[in-house]
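*Asks:* sequence? don't have it. structure:
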């Protein structure tokens, strides 16, 4: 293998592909990046077996071939090189990297030991706008469980129906459901680990290009294809929780609040909501205001939020994190809170439309 | 105590003063900040007994008084408040903080339990420009030892003589000595812990104002006075190492290198200089170039640095960190390296003048 390319292009592509490199693996080859040069194109691949990323860039190839190099060392070397032409040459288990007055020779491993990333049958491509997918990931993944013992709850449902994509995540205390347009009439549901969707979101955010991306699904894998990169994620097996029935259709108290004002108030109240580790804040809804209070050994706090409220007065407790998380995930200027009693779930949603709904269970409080 | 002031001014002053708050103390009062209001002026004080910081700001006082509040909680509350007028009122062990719709009540402790910061006799003030003190701290403190068991070596010497301030730090492997103008004819030497000087540098960097600052010294303490803030540091006891005799006056090899080019080359070489934990790099000086090489189990590197060299060819080894540290600390476009043999110290200094000199011991290498 022998080729030249610009340091900048190489560094950018490495930044993308290295997101799939296993950090704590004991299998040396999985700490590596597979480089394959063919017909003036370099393909870089990394995989932690759950997530695989493959990205392509144009190079000037002198001799086609492939090899694996340590991801961390190779990335650090490329990042620290000057912005000039980099010459790469692999032979006999050694990769030579030359750029102006710098020369490195690092160990390379045989390409055939690298796990195959696998192809997904591309018959049924689903087209979706990049910004839409990014937005759905942002609005749902934070509600998934981060406890690997929770099985399917560490995943995020992707449900395609009637030219729409609905995404949903829940952890037993809250549920986030978002939907948007997607180009398919097929009805399909898959569950992708939330942590992988968050990596995918980072990759999508790094390229500023407006572009449509494609999604391809089979029974074991989901593949996301952008112009230069393809990302393959394993699917979680098992049935996702039926969440539609747990979303209340009625309410007794409905408040419209300014999102940023509510978020700031909750974040300040949470400074004194450390008791019992559940970040308890108390909302006192009455008339045209919500009073948020919290207390700890160090003192107590009170925040008055102006609101348009209809329905019954209510006192209800929450884990402050479960409310602030959703207020950070959405962009709306105003949001709606719908509640029925101190022990019934609270809905948080946009002022209009059905594109998003967030459900959070209250924390029982002693009203005194 | 009762006063009002702007959230912004309070947050800025807290950022300064909280640098002296003990993080790991078991004495609750030392986790606090002392607030004292008198005649429309708020004084905030923090101390970890080694370092004390006191800063003043204008407020509208209604009732003079003083109290201590927990630094972390109070800082977080103030930082998260909106940029508006903050009302503070202390009574019966409770500090009430009100700003627009937010209200906090946190525990306060009696002011008389707070340790006195102590006054330094201000008869002999030494005037020095802020930028000069910042620069001297940056060029020397990194060479001090960070091992508290090393006694005086964790300190930095400040030596006043002939209207100059000379600062020096050394850790047994390297020595940094810098000097600049200072307004005193007095001859005095004190040793201040390097970690405290680094905190002082941060405080000086945060205010963009060009200003002269004053230094006052007694036998136990050094006091640094800026417009709003005074910083009192304990002095280290004991005699500082006589370093003048260990600085070589002659050399056999002298090279002029571009500082940034040399720094980049060393940083890249250090990626493969992990053997034996001493970050060993090898410099091969001959003719008009320095070749930097390094090797580890993962591979090896070679960097060619162009230079103007005079004198004998030389092969010498260094801990790469000890060379890159100094190249980061100075701003010169070019620096001079003076060496005599593979086992004699190497000097690094500016192209002209005597304002700075850095000495680093080589690492013995097997030349083959």
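*Replies:* Looks like it arrived, so ask away. Keep in mind the model is a prediction, meaning the values are calculated, not measured.
*Asks:* leaving out sequence neighbours, find the closest residue to residue A:65.
*Replies:* residue A:1 (3.1 Å; CB to CB, 6 or more residues apart in numbering or on different chains). Every C-beta, even on glycine, is put in place using the N, C-alpha and C of the backbone.
*Asks:* compute the distance between the one you found and chain B, please.
*Replies:* Distance, residue A:1 to chain B, by CB to the nearest CB, to the nearest Å: 16 Å.
*Asks:* for residue A:77, give its distance to residue B:269.
*Replies:* 10 Å (CB to CB, to the nearest Å).
*Asks:* same check on residue A:248?
*Replies:* 64 Å.
*Asks:* neighbour count: residue A:77 and residue B:269, which is higher?
*Replies:* residue B:269 (28 against 24; other CB atoms under 10 Å in any protein chain shown).
*Asks:* doesn't the more buried one belong to a helix?
*Replies:* Yes: under DSSP: H, G, I helix; E, B strand; the rest coil, residue B:269 falls within a helix.
*Asks:* where does pLDDT dip in the stretch 101-250 of chain A?
*Replies:* Filtered on pLDDT under 70, the stretch 101-250 of chain A yields no residues whatsoever.
*Asks:* up against chain B, what does it have?
*Replies:* A:101, A:102, A:103, A:104, A:105, A:106, A:107 (CB under 8 Å from any CB of the partner chain).
*Asks:* those residues in strands, which ones?
*Replies:* Mapping those onto strands (DSSP state E) picks out A:102, A:103, A:104, A:105, A:106, A:107.
*Asks:* grab the nearest non-local neighbour of the residue in the stretch 201-350 of chain A positioned nearest to chain B.
*Replies:* Per CB to the nearest CB, residue A:299 is where the stretch 201-350 of chain A lies closest to chain B, at 3.4 Å. In this structure, residue A:299 finds its nearest non-sequential neighbour in residue B:106, 3.4 Å apart by CB to CB, 6+ apart.
*Asks:* across the sheet, point out what pairs with that neighbour.
*Replies:* Per DSSP bridges, the residues bridged to residue B:106 are residue A:299, residue B:95.
*Asks:* residues near it, how many?
*Replies:* Residue B:106, neighbours per other CB under 10 Å, totals 21.
*Asks:* would you agree residue A:302 is in contact with residue A:290?
*Replies:* No: using CB atoms under 8 Å, residue A:302 makes no contact with residue A:290, being 11.2 Å away.
*Asks:* which residues does the nearest residue to residue A:100 once chain neighbours are set aside contact?
*Replies:* Nearest residue to residue A:100, sequence neighbours excluded (CB to CB, 6+ apart): residue A:84, at 5.3 Å. Neighbouring residues of residue A:84 by CB atoms under 8 Å, 6 or more residues apart in numbering or on different chains: A:6, A:7, A:99, A:100.
*Asks:* for these, which one is nearest chain B?
*Replies:* Of all the contacts of residue A:84, chain B sits closest to residue A:100, with 8.5 Å by CB to the nearest CB.
*Asks:* mind pulling up the pLDDT for the closest one?
*Replies:* Note on residue A:100: pLDDT of 97.
*Asks:* that one against residue A:87, yeah?
*Replies:* No: counting by CB under 8 Å, residue A:100 does not reach residue A:87; the two are 10.1 Å apart.
*Asks:* quick check: beta-bridge partners of residue A:212?
*Replies:* residue A:129.
*Asks:* domain ranges for chain A, per the record?
*Replies:* By the assignment in automatic domain parsing, chain A contains the domains A:2-113, A:125-244, A:247-360.
*Asks:* would JSON lines of these with distance to residue B:345 be doable?
*Replies:* JSON lines is the format used below for the domains of chain A (distance: least, CB to CB, whole Å):
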{"stretch": "domain A:2-113", "distance to residue B:345": "27"}
{"stretch": "domain A:125-244", "distance to residue B:345": "46"}
{"stretch": "domain A:247-360", "distance to residue B:345": "53"}
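*Asks:* so which of those is nearest residue B:133?
*Replies:* Set against residue B:133 and scored by CB to CB, the domains of chain A come closest in domain A:2-113, at 32.7 Å.
*Asks:* nearest spatial neighbour of residue A:232, chain-adjacent residues omitted?
*Replies:* Sequence neighbours aside, residue A:52 is the residue nearest to residue A:232 in space, at 4.5 Å (criterion: CB to CB, 6+ apart).
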